[in-house]
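Undergrad: Here is a sequence with its predicted model. Questions after.
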Amino acid sequence: MKIKQMILTPILAIKARYIPLLLIYFAYGASGFTAIVESFWVKSSLNLSAEALVALSVWLTVPWTIKMIFGQMVDSIPIFGSSRKSYIVIGALFITFGIFLMLGLIQESHLLSGFKKGSVYIFASVIMVIGYVMQDVVADTMSTEVVDRTQSQEDIEHELAMIQVLGRLSLGIAIFVVSGLGGWLADIYSYSTIYAISLLIPIISILGVIFIKLNPVESTPLNLPIFIGGFLFAIFIIFMGYNDVPYSQEIVFVISLIIVLSMLKILINDLDETTQRHIVMAMIIIFVYRATPNVGPALQWWEIDVLKFNESFFGTLSQIGATIALIGMWVSSRFIVKQAIGKVLIFLTIIGFFLSLPIIGMYYGLHIKLGLDAHTVALVDTAVSSPFDYISNVLMLTLVAIYAPEGKRGTWFALMASLMNIALSASGLFTKYLNKIFVVTREVKENGVLTSVANYDNLGILLWIVIIVGTLVPLVAIWKFDPKKDNN
């Protein structure tokens, strides 16, 4: 009976009015369709170091960091009479423009011949991220407006929580559909064809918004401190990015953290002291959990050059990971809602440590000594580890939903998303400095001339540092700042 409940819970929870919203989440999940092709194209066509690519990833988190601007616009500034649907369409246009720029780069269009490849790639990446940010803000806002408000407050809260789970499942289904497909099709079709197919993604989001029906919501006055502060912050970020200010990313990170925390303080200032304390504790856990560093692109370079993983195999890995993650999320949806989040996060962190060991073993050649094929080890490791990463992200969002203050959910979601992405910026900065200290290089040729040789000697120590820090720091934060522990 319990197994049947686990399987049927998400299906029984779906209502017709949710489906258009879930299409928008699906479109966002499908954005990874070009990820494998992009990785291989960047490696072969752009002379960007691991440090430069990590730096780019930091800048790509900036639009998510200033998400509060879009949140305020969606709440208070209708366009063509709509404060929801019009923004989805605008976001889709941004995404489409970015895809066309990538098509021009890959096809070496003469229209882009006067620009540096790296500059166009960065601009296209940023413009697409802005489109996805805009759509994500609207989707999060609409997730509170498809709920039946005639039921009891307890039922409304349960429905809000289930919509968050269904939204992540929709993302997971999209990832499942496209993750392996992109890599497999890259073995058959050209990279430009893959990007042409990805033009379907913004169309899906527009279809969702055409059919969605929402509870009537009146536009609210702008929160001027948050809107103006966010706008000035955006100008500050652009100024820092275009003027090559020394330590610009570090300065932007510190200033953005101060600004977002100040805005969150304004937002929760009228709540009681205990609630404020619990919200702060939840924010600390979320920030620390997301701020831990990763290895960076060097790991994938090593897998390509040394382990000989190709596009098709990366597609298979992505497909397996997406499939297992989706199944894990599906069957654990009931469990996620009912269990103490802090305890589950501790469990996931410890499991994550042990699941990181196979890649360390492969780096030191353990799979060769055991007579195992690297491809087999990678497949098994991906299959086992994928649900835990996905579930931890859902738990982060659930924690955000639980402590959303009444009447301020739209701005709360936007600001917490900004904080979570500032944490990712911190992760990117930590990763960048680790790559500066422990340099890993790939082979690079320009016009047939070797300009850089492959050197993966430092990858082992880099892996160990990332795994140890990524385990110990979150465990300490969760143990010390768990709001549920504070209640006991």
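TA: Looks like it came in fine.
Undergrad: Against Trp479, how distant is Ile95?
TA: Noted for Ile95: a distance of 41 Å to Trp479, by CB to CB, to the nearest Å. C-beta here means a position set from N, CA and C on the backbone, and glycine is covered the same way.
Undergrad: the more surrounded of those two?
TA: Ile95 (27 against 12; other CB atoms under 10 Å).
Undergrad: Now the one helix or strand the more buried one maps to: buried residues?
TA: Using DSSP states H and E, Ile95 falls within helix 85-106. For helix 85-106, a neighbour-count test (16 or more other CB atoms under 10 Å) marks 85-92, 94-99, 101-106 as buried.
Undergrad: Just the buried residues of the following helix or strand past it, please?
TA: Counting by DSSP H and E, the element after helix 85-106 in chain order, helix or strand, is helix 117-142. Neighbour counts over helix 117-142 (16+ other CB under 10 Å) mark 117-118, 120-122, 124-142 as buried.
Undergrad: now whatever helix or strand comes next after helix 117-142, how far from the centre of its chain.
TA: Remark: after helix 117-142, the chain's next helix or strand is helix 153-186, criterion DSSP H and E. Per CA atoms, centre = their mean, to the nearest Å, the displacement of helix 153-186 from the mean C-alpha position of its chain is 13 Å.
Undergrad: Check stretch 250-259 too.
TA: Relative to its chain's centre, stretch 250-259 lies at 20 Å (CA atoms, centre = their mean).
Undergrad: buried stuff in that stretch?
TA: Val252, Phe253, Ser256, Leu257, Ile259.
Undergrad: Over to stretch 354-367?
TA: In stretch 354-367, counting by 16+ other CB under 10 Å, buried: Leu355, Ser356, Pro358, Ile359, Gly361, Met362, Tyr363, His367.
Undergrad: give me the low-pLDDT residue ranges for the stretch 201-350 of the chain?
TA: Residues of the stretch 201-350 of the chain that meet the criterion pLDDT under 70 lie in 215-220, 238, 241-244, 318-319, 322, 325-326, 328-341.
Undergrad: next one: the stretch 51-200 of the chain
TA: In the stretch 51-200 of the chain, residues with pLDDT under 70: 51, 54-55, 57-59, 61, 65, 153-154, 157-158, 179-180.
Undergrad: if we can go back for a sec, so how far is the helix holding Ile95 off the chain centroid?
TA: Taking mean C-alpha positions (CA atoms, centre = their mean), helix 85-106 and its chain are 19 Å apart.
Undergrad: returning to what we had before: I'd like the buried residues of stretch 354-367 written out as a markdown table, with distance to Ile228 and secondary structure added.
TA: Listed next are the buried residues of stretch 354-367 as a markdown table, based on distance: CB to CB, whole Å; DSSP: H, G, I helix; E, B strand; the rest coil:
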| residue | distance to Ile228 | secondary structure |
| --- | --- | --- |
| Leu355 | 45 | helix |
| Ser356 | 44 | helix |
| Pro358 | 50 | helix |
| Ile359 | 46 | helix |
| Gly361 | 53 | helix |
| Met362 | 51 | helix |
| Tyr363 | 50 | helix |
| His367 | 56 | helix |
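Undergrad: nearest to Gly183, of these?
TA: Ile359 (19.0 Å; CB to CB).
Undergrad: how far away is that closest one from Phe123?
TA: Distance of Ile359 to Phe123, given as CB to CB: 33 Å.
Undergrad: Equivalent analysis for Trp41, please.
TA: Counting by CB to CB, the gap from Trp41 to Phe123 is 16 Å.
Undergrad: Leu171 now?
TA: With distances taken as CB to CB, Leu171 is found 26 Å from Phe123.
Undergrad: again, but for Val288
TA: Look at Val288 and Phe123: by CB to CB, they are 32 Å apart.
Undergrad: if I look at the residue nearest the centre of the chain, how far off is Gln164?
TA: Central residue of the chain (CA atoms, centre = their mean): Asn421, 8.3 Å from the mean position. Using CB to CB, Asn421 is found at 18 Å from Gln164.
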